[in-house]
Each structure stands twice: as structure tokens, then as C-alpha cells.
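What follows is a protein structure lacking sequence information:
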């Protein structure tokens, strides 16, 4: 779990003082771990160190806790310490500490909540996500992995790491030939079979190719009488490799390559419209062209992990926990997709300290073989994370919307984005755990009501922006934030808002460590609720009405609201969701 002391110098100082108290009481030395008490009235932070030391100290936990209380010298920002339950030591921070949070937020701006790391703890992280085959438009499921991958990357960046977002383009293999056949048949007015990619998008893409390259792309040319396989990396177990007899193999390969590039451009534009931009678009075909697959196989063979059997080459992944050994090269000499995966893994490891894959539920079988392959390549297994997420059920008014990419029967991600917008799409995916199936109802998620979580959070930010505009129009002159008397913020709703704002650095650190975007969503919703309550119970602008604040309180509440606006924006920022000024 993320270490709160690394994020808060006051907590770090308190940790040092607790250890000094242990030494002064002649108790065993130990590093205190701090956590938020489950009940708010138990203080701001608690440590269970007395419980952990009970056995080595051979003492009752409450006696150890009392010794800590008796000997600890509290920092200026900690006003009280007390014992709770079986031996928890709870600490209450001073009002001055929370006043400092407001000033820190206003001083750091969009940097508040972010973590600066030393070279020793900063990692170069490669996050691969989406990586849909360039044979059709993205659908709603791809949208979930785009939102998660992009926001997990943003969280890791906020936690101080160097992150590269990567898309693996599967532009080699049997699907390229099949896609080429599909485009060729569509362009020449011939019927596509069930094995082909269907749907109107294939016809539209064929028309685009014709407009860009002319009719010559679909006419016989040199090599078009070839009946063998000339698609790099083809892996067609159980197939004769000849494809559709109506389409020359060379034409299928040529059209498939051009169509794949055009489809990749469409995918790139769709993701950009969603606010997702990749640092690297890595071509599988480049591995074949550079001989990287042969090099990876040679390296695995030299390490003693690859062996020949029945004319094929196998990687002994069972030695590292896989359920069976995997084929690298088939008996006819063709490398498998798994061989390309190994070469790609080897390439990525040369560019990063940690590799994260975010995959859909249909990739469960991928985990064991890739972790085993990593160890065969000498990559520490803990440096490779494969996160499997659950699927998305697309609904409209509670009714299923069916999807099939090959048959062309699906709602594209572009269509969903046009209907609901990027913010709604992203937020509803990010607030669900990766481990849960998401029911995405197009009618429900677009409702502009306070029951809609993304609307609720964004409205809080817009409400504060409106308040700031209204304050300016009324002639309020709040002065500099540094001069505001924040000691006047003593109302329960004000104190709750102060404490909630103080949590963001910890929330970001924990969410980044657990790859749990839903924690940030939950925090944003709690912060919005806390602000809405403060807005209702504490008048901000001065006036003659009953309950109007005096000038000092008005100025303090104004800066508290401005700070809350910044914290909301920062929380939404790591989710890559907009913080609107007006709604």
C-alpha cells in the first residue's frame, strides 16, 4: 500500500517521533504505518504499531499504546493523541494544518496531489492497452480499455513515474489476409462469406482505398497469380493457407496491408476524440521485417528454454508455471503469433522498467504463457503486470445491443461518443472496478440529473466557477489568499471540506498503486457531496440577510471554495475528464 508519510511531511515527522517514543519507553523499534480511522471522530490518522509490537514486546497492546502516548513529542501540527479500541493510537491534526492545506492547494495549483519521486523509486512504465486488430472500427468494449489504460497511465504519471502509452498494431498474420480478401471482394462487387469481415464499414473502407490508390489496387498485378502464403507472420493452424480462390494471395496481402493502415488511422482518430493519444504505435510487421522474431527465438534457444520436437520448435513455458509448452515455430517453418509476442515482450523490456498489459476477459489464457515467456527471456515476473478486465454490456433502455465485429453487427465507439460524449463514456467506465462487468445503458448515462455521478461531480466544479463569477460581479474583493483569516473556518461543513481536500495526494498514490481508477471517482463524488453540503449550509457572499457572513469569514469561505474547485479539477484531471466552468 502507498506510504502516506512519503506524501505528507507532517506525517513523516510524526513517524520519526513515534519511533523516538518507542526507544524512550525501552520498546522494540518498528516503523509505524498510518491509516485513516474508519470513524471520523477517532481522529485524522491512526497507527496499529502497538498491536504489532505486542508479541515481540511481550506486553499488552494498550500498555504499549499508553507508553507511546506518554513519551511522544507531538509536532506543532498535531494537537492531540489518544488510545482507541484494543490498542490503536489515534492522532488529531490541528486547524492550522488544514489551513495549510488550503494555502498549499492554491500555491501548487494543478500540481497538488501529484508525487515527486527520486530516481531510485521512479520507474519507466510501459502501458499497453486497446491494441485492437486493425480490421474494423472500435466498439464499446475497446472504449473501456481505452479509458482505463489512459487514466491508469495518468495516475502513474501523477504518482511520479515516467509513462509511455503503447498500442500494438497486429498488422501481420492471417487476419490481414482475410481483411484484404474482404476489402477486395467488396471493391469488386463480390459476395463475402461468413469467414470474411462484413458490414457496411468494409464497403466504405474499400471506397476510401479506391479513392486514395485508384482502381489499380484491386486489379491483377505482379505476383497476383501466386497461390501460396505471402502474408508475414501468418499462423493458420488447420487451414490450407490458400484463402478464398476468388482473390489472388498477393492481392489479398497488398489490399490487407493498405486497408490495415487506413483502419489504424480511423482507430487513431476515434481514440483522439476520446482524449486518448498513444506515445507509440508499434507494428507487429516491424518485428518480422527487422528479424526480431528470429533473434528472440535464438536467444530463447541459447538460454536452453526452446527445444525442437516433431519438426516444430517449442518454448518450455511449463517450467515456469504454464499449463503446456507453447509452439514458437511450426513444422513448416512459420513462426507463430506467440513467437511474435515473445519478440515484442523482449523489445518492450529494453525500453521500460515495468510492463503493464490491460486486456479483456477473453485473454485469460494469455496470462500464464506471457509470464512464463518473460521468465524465459530473463525478465523478472514482478516487472510484468497483466490486468484482465471484464466485459461491457451495451444497453439502450435496458435492452441489449448486440455486437459482432466479424459480422459487422455492432454499434461503433464513434457512434457512442457522438451520442454520450467522451466525459460520460470515460467516467462511467472508470468508476467501476476492472474486475466487474459494466452495464452501459445509453439512455441512463446521458441523464443530466444529480443522480448521474459524472454530472454530479462536474456540476460541483461548475457551481464553484459560477460562485467566483458572481463574487466578481458583486464587487467582492477577497484579497490575497495568503492574507485570508482561515481560522474562521470552524463550521462542521467547512471542517469536513478541509479534511476531504487534504486526502487527494493519498488517494492518487493508492489508486496508482492498485491501478484502481474507481477510487479517484469515489473520492471526486465524496468531495463534490462535501462541497454541495458546505455551499448549502455556509453562505459565502456577504449581505444583509440573516446568516450572512462577516467580511473575514466571507473571504475565508471564498478561498476555501476556490481551493475546492482546484482539488476537484485535479481529481478529474487524473481521470482525464473535463472540469467545466459552465453547465
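Perfect, I can see it now. Source: prediction; values computed, not measured.

Next, the buried residues of stretch 106-118.
Neighbour-count burial for stretch 106-118, counted by 16 or more other C-beta atoms under 10 Å, picks out 106, 112, 113, 114, 115. To be clear about C-beta, it is placed using only N, CA and C from the backbone, and glycine gets the same treatment.

Provide the secondary structure category for the third one.
When classified by DSSP: H, G, I helix; E, B strand; the rest coil, residue 113 comes out as coil.

Looks like it contacts residue 568 (just checking).
No. Taking C-beta atoms under 8 Å as the definition, residue 113 is not a contact partner of residue 568, at 11.0 Å.

contact partners of the helix or strand residue 460 falls within?
Assigned by DSSP states H and E, residue 460 belongs to helix 453-473. For helix 453-473, contacts defined as C-beta atoms under 8 Å, 6 or more residues apart in numbering pick out 423-424, 427-428, 431, 445, 447-450, 478, 521, 524-525, 527-529, 531-532, 535, 540-541, 558, 561-562, 564-565, 568-569, 572, 577-583.

Now do residue 320: how many residues are near it, please.
Applying other C-beta atoms under 10 Å, we find 17 residues neighbouring residue 320.

Nearest spatial neighbour of it, chain-adjacent residues omitted?
Leaving aside its sequence neighbours, residue 320 sits nearest to residue 372 (C-beta to C-beta, 6 or more residues apart in numbering; 3.9 Å).

How about the contacts made by that neighbour?
Contacts of residue 372 (C-beta under 8 Å, 6+ apart): 315, 317, 318, 319, 320, 321, 322.

ok, it to residue 326 distance?
According to C-beta to C-beta, to the nearest Å, residue 372 stands 8 Å off from residue 326.

cool, and residue 582?
According to C-beta to C-beta, residue 582 and residue 326 sit 55 Å apart.

Equivalent analysis for residue 188, please.
To residue 326, residue 188 is 39 Å away according to C-beta to C-beta.

go on, residue 42?
Using C-beta to C-beta, we find residue 42 at a distance of 53 Å from residue 326.

So the two - more neighbours on which side?
Comparing residue 42 with residue 326 by other C-beta under 10 Å, the one with more neighbours is residue 326, at 22 against 17.

quick one, what contacts that one?
So residue 326 contacts 314, 315, 317, 336, 338, 369, 373 (C-beta under 8 Å, 6+ apart).

Reformat those into a markdown table and put neighbour count next to each item.
A markdown table is the format used below for the contacts of residue 326 (neighbours: other C-beta atoms under 10 Å):
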| residue | neighbour count |
| --- | --- |
| 314 | 18 |
| 315 | 29 |
| 317 | 23 |
| 336 | 22 |
| 338 | 19 |
| 369 | 21 |
| 373 | 26 |
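
that older thread, which two from the contacts of residue 372 end up farthest apart in space?
Based on C-beta to C-beta, the longest span within the contacts of residue 372 runs between 315 and 321 and measures 13.0 Å.

for the chain, what are the low-confidence residue spans?
Along the chain, segments meeting pLDDT under 70 span 1-5, 222-242, 402-409, 544.

how does it divide up, domain by domain?
Taking automatic domain parsing as the reference, the chain has its domains at 4-93, 453-575.

Figure out which of those is closest to residue 410.
In terms of C-beta to C-beta, the element of the domains of the chain nearest to residue 410 is domain 453-575, at 24.2 Å.

Would you work out how far apart the start and end of that closest one are?
This stretch, domain 453-575, spans 14 Å end to end (C-alpha to C-alpha, to the nearest Å).

try stretch 323-343
Terminal residues of stretch 323-343 lie 21 Å apart, using C-alpha to C-alpha.

Going by neighbour count, list what's buried in it.
By 16+ other C-beta under 10 Å, the buried positions in stretch 323-343 come out as 325-330, 334-343.

now stretch 40-58
Of the residues in stretch 40-58, those with enough neighbours to count as buried (16+ other C-beta under 10 Å) are 42-54, 57.

Also stretch 537-553?
If you call a residue buried by 16+ other C-beta under 10 Å, then stretch 537-553 has these buried ones: 538, 539, 540, 542, 549, 553.

OK, contacts around residue 560?
102, 486, 489, 494, 497, 498, 534.

Out of these, which two sit at the greatest distance?
The span of the contacts of residue 560, defined through C-beta to C-beta, is set by 486 and 534 at 14.0 Å.

Look up which helix or strand the residue nearest to residue 320 falls in, please.
Secondary structure from DSSP H and E places residue 372 in helix 364-376.

Can you give the distance of that helix from its chain's centre?
Centroid separation between helix 364-376 and its chain, computed with C-alpha atoms, centre = their mean, to the nearest Å, is 22 Å.

which residue ranges form the helices in the stretch 251-400 of the chain?
Using DSSP state H, counting those that start in this stretch, the helices of the stretch 251-400 of the chain run over residues 284-289, 292-302, 337-349, 364-376.

how far is the third one from where the chain is centred?
Here helix 337-349 shows a centroid-to-chain-centroid distance of 23 Å under the convention C-alpha atoms, centre = their mean.

just checking, residue 550 touches residue 539?
No. Look at residue 550 against residue 539 with C-beta under 8 Å: they stay out of range, at 10.8 Å.
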